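> my questions concern the predicted model and sequence given below.
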Amino acid sequence: MVIDSNIIIYASYPENQYLRDFISQNAAVISTISIIETLGYHKITTDDLYNLKIVIDSAEIVDLTREIVDRAVMVRIAGKISLPDAIIAATALHYNFELVTNNESDFKGIAGLRIINPLRTITT
């Protein structure tokens with residue numbers, strides 16, 4: 001499964017241990033674009049950085065490949081979607097993984113994309 005940036009952020013909150021467990025128990029991968037989005041926030045605090053890195057370090061990082069870039073281009077052509085979201089969706093599609101996100105509407109209409117929202121499906 002590919003973890004969206006918003007799930008990384010939610011999982012970094014100390015009270016969301018269940019999300020960290022979900023990520024570490026399910027062979028999660030994170031796109032490099034999500035690292036840039038989460039760690040590159042201009043108002044990030046030292047504590048936020050520390051907590052985000054714990055989540056990021058619990059998953060495998062996948063780099064952009066030419067195939068993912070090509071697929072992201074096709075995703076953007078097919079519908080209105082931000083560049084980071086297109087890359088994240090393309091990563092999930094490329095590896096045939098589910099996308100784990102709380103922002104389901106950002107990814108609606110992407111053919112073949114399977115979405116899991118752990119904030120709706122996991123009970124604490």
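Structure received. Numbers count the residues shown, from 1 in each chain.
> strands along the protein, start to end?
In the chain, the strands defined using DSSP state E lie at 2-3, 29-31, 60-62, 99-100, 115-116.
> determine which stretch of the ones you listed is the most buried.
Highest mean neighbour count among the strands of the chain (mean count of other Cβ atoms under 10 Å): strand 2-3, with a mean of 28. Where C-beta positions appear, they are placed from N, C-alpha and C, glycine not excepted.
> pLDDT on it, on average?
Summarised as a single mean, pLDDT over strand 2-3 is 98.
> could you do stretch 95-106 as well?
Mean predicted lDDT for stretch 95-106 stands at 96.
> give me the low-pLDDT residue ranges for this structure?
Applying pLDDT under 70 to the chain flags residues 121-124.
> tell me where it has helices.
5-12, 17-24, 32-39, 46-57, 66-78, 83-95, 118-121 (DSSP state H).
> which one of those helices lies closest to residue 109?
helix 66-78 (7.6 Å; Cβ to Cβ).
> which parts of that closest one are buried?
Neighbour counts over helix 66-78 (16 or more other Cβ atoms under 10 Å) mark 68, 71-72, 75-76 as buried.
> go on, stretch 74-91?
By neighbour count on 16+ other Cβ under 10 Å, the buried set for stretch 74-91 is 75-76, 81, 84-91.
> can you get me the start-to-end distance on that stretch?
Distance between the two ends of stretch 74-91: 12 Å, counting by Cα to Cα, to the nearest Å.
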